[in-house]
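Engineer: Next one to model:
(chains A and B)
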There are 2 protein chains.
Amino acid sequence: MAKQAKQEFVQHITPREENFSQWYTDVVRMAELMDYTPVRGCMALKPYGNRIWELIREELDRRFRDTGHENVSMPMLIPESLLLKEAEHVEGFAPEVAWVTQGGGETLPERLAIRPTSETMFCTMFAQWVQSWRDLPMKYNQWCSVMRWEKTTRPFLRTAEFWWQEGHTVHATAEEAQEETLLMLEVYRSFCEDVLSIPVFSGQKSEKEKFAGARATYSVEAMMQDGKALQAGTSHNFGTNFSVPFEIRYQNREGQLEYCHETSWGMSTRLIGAIIMAHGDERGLKLPPGVAPIQAVILPIAAHKGGVMEKCAEARDRLKAAGVRVRLDDRDNVSPGWKFNEWELKGVPLRLEIGPRDIENGVASYMRRDTFEKGTLPLEGLAEGVTALLEDIRRGMFRIADAFRLSRTQDVRTWEELGEQVSRGYARAMWCGKRECEDKIKDAFSATSRNMPFDQTPFADSCVCCGEPADKVMYFAKAY
Amino acid sequence: MAKQAKQEFVQHITPREENFSQWYTDVVRMAELMDYTPVRGCMALKPYGNRIWELIREELDRRFRDTGHENVSMPMLIPESLLLKEAEHVEGFAPEVAWVTQGGGETLPERLAIRPTSETMFCTMFAQWVQSWRDLPMKYNQWCSVMRWEKTTRPFLRTAEFWWQEGHTVHATAEEAQEETLLMLEVYRSFCEDVLSIPVFSGQKSEKEKFAGARATYSVEAMMQDGKALQAGTSHNFGTNFSVPFEIRYQNREGQLEYCHETSWGMSTRLIGAIIMAHGDERGLKLPPGVAPIQAVILPIAAHKGGVMEKCAEARDRLKAAGVRVRLDDRDNVSPGWKFNEWELKGVPLRLEIGPRDIENGVASYMRRDTFEKGTLPLEGLAEGVTALLEDIRRGMFRIADAFRLSRTQDVRTWEELGEQVSRGYARAMWCGKRECEDKIKDAFSATSRNMPFDQTPFADSCVCCGEPADKVMYFAKAY
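Structural biologist: Okay, here's the model as predicted:
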């Protein structure tokens, strides 16, 4: 993109207060995360956006490995007959499936779905792979893209094709399956909070909002800066819902055949949308250091002066050796001010400047992207200083997001309070558990039940909607 | 899989000499690399096979980065109108395309192909992304799966869906595009030889065998143990073949619009088939250390004796800390002999045994999978010893494969020699350059032109087929 055009872009990010949705679109495009393609609702991930996804993937993958999971790759196509085996599941997904009907110049005898999710394929293979209790647990995951023919789409938040991971596990007992479901929910919570610096509410979904085919669905729910909820990850306990129709059985230690208990769990490129909307500001992206393609950018000041470029290159090499993702921006056809704008727009957590005066003082000047705070770091031991600052930025970003979330979360006791609170954030309410109340709340306020926190201590005794006795604590919010 | 069943499997690998094709299938299944699925021609990569692919991916990805490439992700669907834009390209791929015709419960206005390859999608996006000489070169790559509706399929070698990487680059000049094409060919050669220990012939494809839409295609060709060729990677120079129909132009330094020059290059899960057939033996897989999910396995001998398990665990921890992919096989329900068989079948490069006598002598006993050579390594400094042995195995596997390849490659001067030589390996022949001769050779011997080496010094002056004057040196072979 030509210099002139970019300068204009930087100046034209719509303010969040003016139009949050337009602000989001501006940031996505200007930070060069993705682009639209000629296929309706399908995006192309550009290098910067794709790299964020790769870093998310690496961080999650390490956690999956550490909790005993192995990666596999399943076919992207699923025969219609498999999709039909579990009634609730097909009902949930069939309306948004893309169908392959022709291949190799011929009409196929059976339609093949591009996977909207892969439970039915995993179950088919598990039925072959699981024989005895010795084979269990079987804990697999795959990284792939899936396809859901959505009517309205938005970059990262809702696209026809999206990239994700889907974990699928098989267990001998109901207890183990439940343990796995909650373990992965906790992996997701910790990943959101400790790596992405996004605080989340962990809890259980209502019957209405659970995954098609699950016995129980759990989620981690984040809050965006417009007060809306974003479901960042889900973990499902299927019990034997799939193992019965797919006949996934194992021989127990006593030689008897028993049905297996299964789980699945997933996180997707939605997370990039969550990062943008949880942290971004008027200058653009603000990336948590753990998934920032460039964690620190070095800008030479008065680069033509003797020794400046050498010091900058030396600093880059040291940071690189210490494992910091660093970029030395040595372009001489744009001004430092131009570079400031560009790297702020791209959300680089830390900017370092090194000029003749800095060298004289034996320091690098820095600016933190999270707080705009400026300071200096000794060039001696620069890597330690930068690493410590990045860690501080990670914590700081969480604190800011958490304070915002708490300021926009409130207990509500009346219908009016509920309506008011969901217009600004999360409402914690007592709920009777009936679907009609969820429907009524959605009709009235466009808000949905998000999840039930694990702490179910009641703070009132009647349903916020119908006034009947209620013993469930539920978060309600408008959601992406 | 139950103990009994596995024992039988190990005993039933078909000998290579008896039936190479059945030997291959046996190894693929018994080493648990993949499984067949209910979708015709589509495979599931099991954890062990998938991990080999992940390691191939990591190694290649590092090399792509080091040569200045960035990863992106493109949509898996391609509208028919895009596929039709380049005539030769569509002619080459249309017959084996899988078509999506329905989505979200409706018939689509235009058929969408599941990508058989992504030139047309990349070109569409490049046309938007490339404006000026400042944007060039643009060097992208993507990791994904693609779909080609093949009539007959074989695990890893030819499947409807396969996993691969496809690099796509845009350049200002023809010279730069040619340089990139040859650079990536060299990356492929070095990867095959230095990481996979598979020697290859690098060279240029004939007009008949080049990629649909390319000006020139280059390949690296490996030799399997049955003497057949396997194309391990290809690198294409498109010139302006795609940039003209897709209107990919840039403004040069003088302000004039010029067409861009493009390349693409790819390697796929075929490589796993190549590893099996280049190195495997009667006991199963033989994995090059660079892509072995487990590089060294530690087996406790007389594990119940005091100190044995502790020493084994200590050895594992040390190897792990040194970056060796190590597994301590502490199962107590199978015998050491059983474990020997299993890890040989799975191709683990190095087996370590630690028992009371070893501990007494301060050593670990080892067996190399490549040569079955046995010896001991001091426990003191075990990591260094193991690392050095793995490096020696990598080199040794290359030497063995290279000696085999050379013994099965020969210059031929007559039609009879050609026929005889392609029944056992590669024939290097003089060729006039005419397609009719390639066709005739294929009809007579089922052999195809593989590639023309860069050293084109003639060793005869008439075509091996028609006898007319010939100035081209060409490798012919039967191929997978």
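
Engineer: separation between the nearest residue to A:A98 once chain neighbours are set aside and B:W265?
Structural biologist: Leaving aside its sequence neighbours, A:A98 sits nearest to B:G103 (Cβ to Cβ, 6 or more residues apart in numbering or on different chains; 4.2 Å). Placement of C-beta: from N, CA and C, glycine included. Going from B:G103 to B:W265 by Cβ to Cβ, to the nearest Å gives 32 Å.

Engineer: Settle this for me: A:A313 is touching A:L328, isn't it.
Structural biologist: Yes - between A:A313 and A:L328 there is a contact under Cβ atoms under 8 Å: 6.5 Å.

Engineer: returning to that earlier point: give me the more crowded residue out of B:G103 and B:W265.
Structural biologist: A count of neighbours by other Cβ atoms under 10 Å in any protein chain shown puts B:W265 above the other of B:G103 and B:W265, at 26 against 22.

Engineer: in the sheet, who's paired with the closest residue to A:P336 other than its chain neighbours?
Structural biologist: Nearest in space to A:P336, with sequence neighbours left out and distances taken as Cβ to Cβ, 6+ apart, is A:L299 at 5.9 Å. Per DSSP bridges, the residues bridged to A:L299 are A:E353.

Engineer: Okay, now the unreliable bits of the stretch 1-150 of chain A?
Structural biologist: A:1-11 (pLDDT under 70).

Engineer: Now do the strands in the stretch 51-200 of chain A.
Structural biologist: Remark: strands assigned in the stretch 51-200 of chain A by DSSP state E, counting those that start in this stretch are A:70-71, A:77-79, A:98-103, A:106-114, A:138-147, A:161-171, A:200-204.

Engineer: sorry, back to before: in terms of pLDDT, where does the residue nearest to A:P336 sit?
Structural biologist: You'll see A:L299 listed with a pLDDT of 97.

Engineer: what's near enough to touch it?
Structural biologist: A:L299 makes contact with A:329, A:336, A:339-340, A:351-354, according to Cβ atoms under 8 Å, 6 or more residues apart in numbering or on different chains.

Engineer: Which among these count as buried?
Structural biologist: A:329, A:339-340, A:351-354 (16 or more other Cβ atoms under 10 Å in any protein chain shown).

Engineer: tell me the two of those residues that are most distant?
Structural biologist: Within the buried ones among the contacts of A:L299, A:F340 and A:I354 form the most distant pair, 14.4 Å apart (Cβ to Cβ).

Engineer: Next one: the residue nearest the centre of chain A, what pLDDT does it get?
Structural biologist: The centroid of chain A falls nearest to A:L271 when counting by Cα atoms, centre = their mean (2.2 Å). With respect to pLDDT, A:L271 scores 98.

Engineer: And for the one 3 residues further on?
Structural biologist: In the predicted model, A:A274 carries a pLDDT score of 98.

Engineer: show me the contacts for the one residue in the stretch 351-480 of chain A that gets nearest to chain B.
Structural biologist: The stretch 351-480 of chain A approaches chain B most closely through A:Y480 (20.1 Å), counting by Cβ to the nearest Cβ. With contacts defined as Cβ under 8 Å, 6+ apart, the neighbours of A:Y480 are A:157-158, A:224, A:228-231, A:273, A:277.

Engineer: If we use 10 Å, what do you get?
Structural biologist: A:24, A:154, A:156-158, A:222, A:224, A:226, A:228-231, A:270, A:273-274, A:277 (Cβ atoms under 10 Å, 6 or more residues apart in numbering or on different chains).

Engineer: Repeat that for A:A427.
Structural biologist: By Cβ under 10 Å, 6+ apart, the residues touching A:A427 are A:408-412, A:417-421, A:441, A:445, A:447, A:450, A:464, A:474-477.

Engineer: who's it bridged to?
Structural biologist: In this entry, A:A427 is beta-bridged to A:Q410, A:F476, by DSSP bridges.

Engineer: same question, A:V326
Structural biologist: Beta-bridge pairing for A:V326 (DSSP bridges): A:A296.

Engineer: Distance-wise, check it relative to chain B.
Structural biologist: According to Cβ to the nearest Cβ, to the nearest Å, A:V326 stands 15 Å off from chain B.

Engineer: so that residue touches A:E314, yeah?
Structural biologist: No - look at A:V326 against A:E314 with Cβ atoms under 10 Å: they stay out of range, at 11.8 Å.

Engineer: So the two - more neighbours on which side?
Structural biologist: More crowded of A:V326 and A:E314, by other Cβ under 10 Å: A:V326, with 23 against 14.

Engineer: Now for that one: which residues touch it?
Structural biologist: Applying Cβ under 10 Å, 6+ apart to A:V326 gives the contacts A:294-298, A:315-320, A:348, A:350, A:352, A:383, A:386.

Engineer: Which among those residues count as buried?
Structural biologist: Judged by 16+ other Cβ under 10 Å, buried ones among the contacts of A:V326: A:294-298, A:315-316, A:318-319, A:348, A:350, A:352, A:383, A:386.

Engineer: hmm, which two among these are most spread apart?
Structural biologist: Largest separation among the buried ones among the contacts of A:V326 by Cβ to Cβ: A:R318 and A:V348, giving 17.9 Å.

Engineer: buried sites along stretch A:130-143?
Structural biologist: By 16+ other Cβ under 10 Å, the buried positions in stretch A:130-143 come out as A:130, A:135-143.

Engineer: Dump these into TSV; add distance to chain B as well.
Structural biologist: Below are these laid out as TSV (distance: Cβ to the nearest Cβ, whole Å):
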residue	distance to chain B
A:V130	10
A:D135	7
A:L136	13
A:P137	13
A:M138	9
A:K139	10
A:Y140	7
A:N141	10
A:Q142	8
A:W143	9
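
Engineer: okay if I get the residues you listed as JSON lines plus distance to B:G433?
Structural biologist: Putting the buried residues of stretch A:130-143 into JSON lines (distance: Cβ to Cβ, whole Å) gives the following:
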{"residue": "A:V130", "distance to B:G433": "57"}
{"residue": "A:D135", "distance to B:G433": "57"}
{"residue": "A:L136", "distance to B:G433": "61"}
{"residue": "A:P137", "distance to B:G433": "60"}
{"residue": "A:M138", "distance to B:G433": "56"}
{"residue": "A:K139", "distance to B:G433": "56"}
{"residue": "A:Y140", "distance to B:G433": "51"}
{"residue": "A:N141", "distance to B:G433": "51"}
{"residue": "A:Q142", "distance to B:G433": "47"}
{"residue": "A:W143", "distance to B:G433": "45"}
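
Engineer: For the stretch 301-450 of chain A, what lies in contact range of chain B?
Structural biologist: A:N333 (Cβ under 10 Å from any Cβ of the partner chain).

Engineer: While we're on the residue in chain A sticking out farthest from the centre, how confident is the model there?
Structural biologist: Ranked by distance from the centre of chain A (Cα atoms, centre = their mean), the top residue is A:G306, with 45.7 Å. With respect to pLDDT, A:G306 scores 88.

Engineer: Overlap in contacts, A:A313 and A:L328.
Structural biologist: In the contact map built from Cβ under 10 Å, 6+ apart, the residues linked to both A:A313 and A:L328 are A:298, A:300, A:354.

Engineer: so which of these comes closest to A:T376?
Structural biologist: Using Cβ to Cβ, A:I354 comes nearest to A:T376 of the shared contacts of A:A313 and A:L328, at 10.4 Å.

Engineer: which ones are touching the residue of the stretch 151-300 of chain A found nearest chain B?
Structural biologist: With Cβ to the nearest Cβ, the shortest gap between the stretch 151-300 of chain A and chain B falls at A:E161, namely 5.7 Å. Residues in contact with A:E161 (Cβ under 10 Å, 6+ apart) are A:37, A:39, A:41-43, A:98, A:114, A:145-150, A:153, A:269, B:73-77.

Engineer: do A:L271 as well
Structural biologist: Counting by Cβ under 10 Å, 6+ apart, A:L271 touches A:52-53, A:56, A:60, A:156, A:164, A:188, A:191-192, A:195-196, A:198, A:222, A:230, A:232-233, A:278, A:291.

Engineer: Can you narrow those down to the ones near chain B?
Structural biologist: Within the contacts of A:L271, those near chain B by Cβ under 10 Å from any Cβ are A:W53.

Engineer: Since that was my last question, I'll sign off now.
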